[in-house]
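Student: could you work out the structure for the sequence below:
(chains A, B, C and D)
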There are 2 protein chains.
Amino acid sequence: MASFPQEGLKHLAETTGLSVSTVSRVLSGKAAAYRISAETQARVHAAAGAQGIVVNEIARGLRLRTTQTIGLIIPDVSNPFFAALARQVEHLARAHGYSVLLADSQESTEVEAEAVRLMRSRRVDGLVVAPVGLEAAHLQSLRAEQWPLVLMDRVPAGFTGPCVTSDNRQGTRLAMRHLISHGHRHIVCLQGLPGSSANQERVHGYRQSLKTAGIAVDEALIIGHDYAIETGREAVQQLFSSARPRPTAILALGNLIALGALQALRTLKLKVPRQVSLISFDEQPWAELIDPPLTTLSQPIEALAERAMNLLFQQLHPTEPAPAKPKLVLPVTLISRGSVAPLTRSR
Amino acid sequence: MASFPQEGLKHLAETTGLSVSTVSRVLSGKAAAYRISAETQARVHAAAGAQGIVVNEIARGLRLRTTQTIGLIIPDVSNPFFAALARQVEHLARAHGYSVLLADSQESTEVEAEAVRLMRSRRVDGLVVAPVGLEAAHLQSLRAEQWPLVLMDRVPAGFTGPCVTSDNRQGTRLAMRHLISHGHRHIVCLQGLPGSSANQERVHGYRQSLKTAGIAVDEALIIGHDYAIETGREAVQQLFSSARPRPTAILALGNLIALGALQALRTLKLKVPRQVSLISFDEQPWAELIDPPLTTLSQPIEALAERAMNLLFQQLHPTEPAPAKPKLVLPVTLISRGSVAPLTRSR
DNA sequence: CTCTTTTGCGCAAACGTTTGCGCTATACCC
DNA sequence: GGGTATAGCGCAAACGTTTGCGCAAAAGAG
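Tutor: The predicted structure follows:
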C-alpha cells in the first residue's frame, strides 16, 4: 500500500551513487564518526531534501530494537479528565521524540489486558497507563520483564512500581470538611469504580472524615458503580426518591457522575444548593457556569502527566541507578463556588 | 530494553523442536494451507500458550509491509468534541484489528504536517485526520502517493478526496433562523479558526441567513480567531463593553468558545437570555445544566467517526472499483433550551 | 518391489535498516 | 620511493518475520 518508487535509503543510494551504508550514516547524523566527507554529506542531503520522507521506521525499529513509541492506555478518552491527561502525555512524548500509540480500555480490565498484549507485540518502548485498577497482574508482568511503565491516576492493589496519583484522601477530606462545616450530616458519596484505587481512597477519605466528625457511616449512602454519567443520574434518582430521610449533600467522585447527579436533581426538582449541596471531583471549564456554580476538587492534570512522563523517561534513559520505586502523590485543591450552602432548618 | 529470553518465534521453534517457518505458519493460521499436521499444531499452540506474547509485530510489519496501524491526527484532543471523535475512531479501529497512532496538532499546520511526516515514516496503513484546515498540500501529497486517507470535520481548500463533515451551513442556518424568528437582528458570530473550512461554512451560513432575512451584515460582529475558551471570552468582553449598540444574541461556533462567552457575559453582568441570547455549536452533557440551559447545535459525532472509518476501510481493503471521491455531509440538529429568548423592548 | 504421488516440514531469501570491519586510495614522513 | 597513517567509503551480517520452493519420508499404485 502507498508505495512510491522513490522511497527508502536504497533509492537514495542509487540516485546519489553512494552505498546504502553511507546514506544511512549521513541521515542519522553519524557522518562525523564515520568520516564521511563534507561533499558526500551535501550530496546526500540534497537528494534527501528533494524526496520527501525517507527512512522506514519499521525497518529501523527492527534493527535498533526501539520504536520511539510509547503506549498510552486510558479508560475513557472522552472523559475530559482523561482527555486532558492524554493530550499532555502526547505533547510531552512528542517533545522527547516519541510517538503515542493510544488505546481506550473502556473501563474494562480485559480490554486493558488485551491492549497491553498489543503494545508488547508492537514493541512500544514504554507504557503509561491509567489503569482500570481492578487487576495488577498484566501490569506487574510487564514490570517483571523490565518493560518501562508508569501508572497514572489509579494503581491496582499488588502493583509495585512507579506511579503518580492525586492525593485522593486529602481531596475527599477537603470536601467533607467543607460540607460538614456547613452543617451537613447526611452526605451521599457517589462513587466511581468500587474496586479501583482512586475510588477506594476517596471513599476511605469519606468514611474517615465522617468518623472524625463523629458521624455514623450509613453504607446506603455510598452508591454507584462506575464513572458514567448515567450511573450518577440513576443513583441520585433512586436515593432521593426513596422514603428515607433525605440526604442534604452529595460528594460526586468524578465530573461525569456530578453531571448525572445534577440531571437527576433537576428532574426531581431539588434545588442546589438550597435543598442539596454538591461537590464534585475534577475541575472543568463549565463548572463555574453550571447552575449553581459548582464547587469542585481540582486535580493537577498537567502535573500528573508531566511527573508520569518524567518517571517514564527515567526508565527509558537510565542515568542514576534508578531512584527506588517512586510513588508520587500530588495535592488536590478545593475550588469553592456556589453549590454548597449551610444547612438550614427550612427543610 | 524489556527483553526476556523467551520471546519470538525463534525461541518457540527451539522449545518445540520445530522450525521457525512451521511455527510462523501455525500461529498465523496458515497451517491448513501448508499441511501442518494436527499434532504439530497442537504442540505449537501449547508452547505458545505457555509463553506470553510471541510475535514481533515490527518484524512482521517489515516483512508484510503493513503495520495494522492507523494514524489519527486531531487539532486538540482535550476539546470534548474531538475527544469523542478520537474515542470512536479508536474503538472502530480496534474492532477491525488496527491500532491507533495519535497525534495532537495543537491547531498548528506545521505540527500537523510534521505529524504526517512521522506517520508516513512509521508506515501507518492509513490516516484519519481532523485537519487544521488551512493547508492542503501535505494531505494532498499523501493522496498523490495513494496513501489511504480520510478527513473529518474540516476539509482544507484544494483537497480532493474522501472526507466527512457536518452540514455546517445548515447548522448555522438552523441557529440563525431560530434567533431571527425570536426577533434578533444584531447577532454576534463568535467564529473559530477563520480560514478553516468548517468555520468558513458556518460563517457563510451566518451571512446567508442574515441576507435572507434582509439584515445587513455587520463585519464587526464576526469576531474571534480560534476555538479556544479564552478567545471566546475576550471577544465578548471586548464587543460588549464597547460603546456601539449592544448585540442581542450570540452564535458561538464551538463549545469552548461558548464557555468563554458565558464567562465574559457573567463578568459583564449581562443576563442570558434576558439581555443576550446564545446558541452554541456542539452538544455536551453540561449544556442542559448550564445557567441557563444552553441551546446547542448537535453534531453527529459517532456517525462522523463511523462514516470516516468506513471510507478508510474501503481504501484499505478495496473491493469495489472505488466509489468515486466521497464527500459525506451529515446533518446537524438544533437542541432548543433556555438560552434564547424573544427580543423585548426592555433593553 | 519399484515408481509415483502425497504429506509434512525445513531452507533460505527478502523486507529496509544499522554498524563492525575491511579495503583502497591518497597523504604524510623520512 | 618505500613504508605507514589516515581518510572515505562499501561489504555483509543481523534484527524477526513470511513464504516459495524443495526435499525426505510415507503412502499408494501397479
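
Student: please enumerate the strands of the stretch 101-250 of chain A.
Tutor: Using DSSP state E, counting those that start in this stretch, the strands of the stretch 101-250 of chain A run over A:126-129, A:149-152, A:163-166, A:187-190, A:222-223, A:249-252.

Student: which strands and helices sit next to the shortest one?
Tutor: Secondary-structure packing of strand A:222-223 (3 or more CB pairs under 8 Å, 6 or more residues apart in numbering or on different chains; DSSP states H and E): strand A:187-190, helix A:229-241. All C-beta spots, glycine's among them, are computed from the backbone N, C-alpha and C.

Student: nearest residue to A:Ile74 in space, please, no chain neighbours.
Tutor: In space, and not counting its chain neighbours, A:Ile74 is closest to A:Phe82: 4.8 Å by CB to CB, 6 or more residues apart in numbering or on different chains.

Student: ok, that neighbour - contacts?
Tutor: Contacts of A:Phe82 were listed using CB atoms under 8 Å, 6 or more residues apart in numbering or on different chains, and they are A:Ile74, A:Pro75, A:Asp76, A:Ala130.

Student: and for A:Gly338?
Tutor: A:Gly338 makes contact with A:Pro273, A:Pro292, A:Pro293, A:Leu294, A:Thr295, according to CB under 8 Å, 6+ apart.

Student: again, only using 7 Å
Tutor: By CB atoms under 7 Å, 6 or more residues apart in numbering or on different chains, the contact set of A:Gly338 is A:Pro273, A:Pro292, A:Pro293.

Student: okay, the residue nearest to the first one when sequence neighbours are not counted: pLDDT?
Tutor: Counting by CB to CB, 6+ apart, the nearest residue to A:Pro273 once its immediate chain neighbours are dropped is A:Ala341, at 3.7 Å. The per-residue pLDDT reported for A:Ala341 equals 96.

Student: how many residues are close by A:Ala341?
Tutor: Summarising burial for A:Ala341: neighbours were counted as other CB atoms under 10 Å in any protein chain shown, giving 20.

Student: so it sits against A:Arg274, correct?
Tutor: Yes - counting by CB atoms under 7 Å, A:Arg274 is a contact partner of A:Ala341 at 6.3 Å.

Student: and the stretch 51-200 of chain A, which residues reach DNA strand D?
Tutor: A:Ala59, A:Leu62, A:Arg63, A:Arg65 (CB under 7 Å from any atom of the strand).

Student: relative to B:His317, how far out is the third one?
Tutor: In this structure, A:Arg63 and B:His317 are separated by 30 Å, where distance is defined by CB to CB, to the nearest Å.

Student: for chain A, what lies in contact range of DNA strand C?
Tutor: Applying CB under 7 Å from any atom of the strand, one finds that chain A approaches DNA strand C through A:7-10, A:20-21, A:24-25, A:27-28, A:30, A:34, A:54-56, A:59-60, A:62-64.

Student: buried ones among those residues?
Tutor: Buried subset of the residues of chain A next to DNA strand C (neighbour count, 16 or more other CB atoms under 10 Å in any protein chain shown): A:Glu7, A:Gly8, A:Leu9, A:Ser24, A:Arg25, A:Leu27, A:Val54, A:Val55, A:Asn56, A:Ala59, A:Arg60, A:Leu62.

Student: my guess is A:Gly133 contacts A:Ser197. True?
Tutor: Yes - judged on CB under 7 Å, A:Gly133 makes contact with A:Ser197 at a distance of 5.0 Å.

Student: low-confidence stretches in chain A?
Tutor: Across chain A, the ranges flagged by pLDDT under 70 are A:1-6, A:243, A:320-324, A:345-347.

Student: closest residue of it to chain B?
Tutor: Nearest residue of chain A to chain B, counting by CB to the nearest CB: A:Asp291, 3.1 Å away.

Student: list the contacts for the residue nearest to that residue when sequence neighbours are not counted?
Tutor: Among residues not flanking A:Asp291 along the chain, B:Asp291 sits closest, at 3.1 Å (CB to CB, 6+ apart). By CB under 7 Å, 6+ apart, the contact list for B:Asp291 reads A:Leu289, A:Ile290, A:Asp291.

Student: ok, which stretches of the stretch 201-347 of chain A are helices?
Tutor: A:229-241, A:255-267, A:301-316 (DSSP state H, counting those that start in this stretch).

Student: same deal with the stretch 51-200 of chain A?
Tutor: Shown for the stretch 51-200 of chain A, the helices assigned by DSSP H, counting those that start in this stretch span residues A:57-64, A:80-95, A:109-121, A:137-144, A:168-181, A:197-212.

Student: ok, which of those helices comes nearest B:Leu256?
Tutor: B:Leu256 lies closest to helix A:80-95 among the helices of the stretch 51-200 of chain A, at 11.1 Å (CB to CB).

Student: would you mark the buried spots in that closest one?
Tutor: Buried-residue list, helix A:80-95, by 16+ other CB under 10 Å: A:80-94.

Student: what's the answer for stretch A:126-146, then?
Tutor: A:126-136, A:138-139, A:142-143, A:145.

Student: residues near A:Asp167, how many?
Tutor: Other residues near A:Asp167 number 18, with proximity taken as other CB under 10 Å.

Student: measure it to DNA strand D for me?
Tutor: Using CB to the nearest atom of the strand, to the nearest Å, A:Asp167 is found at 42 Å from DNA strand D.
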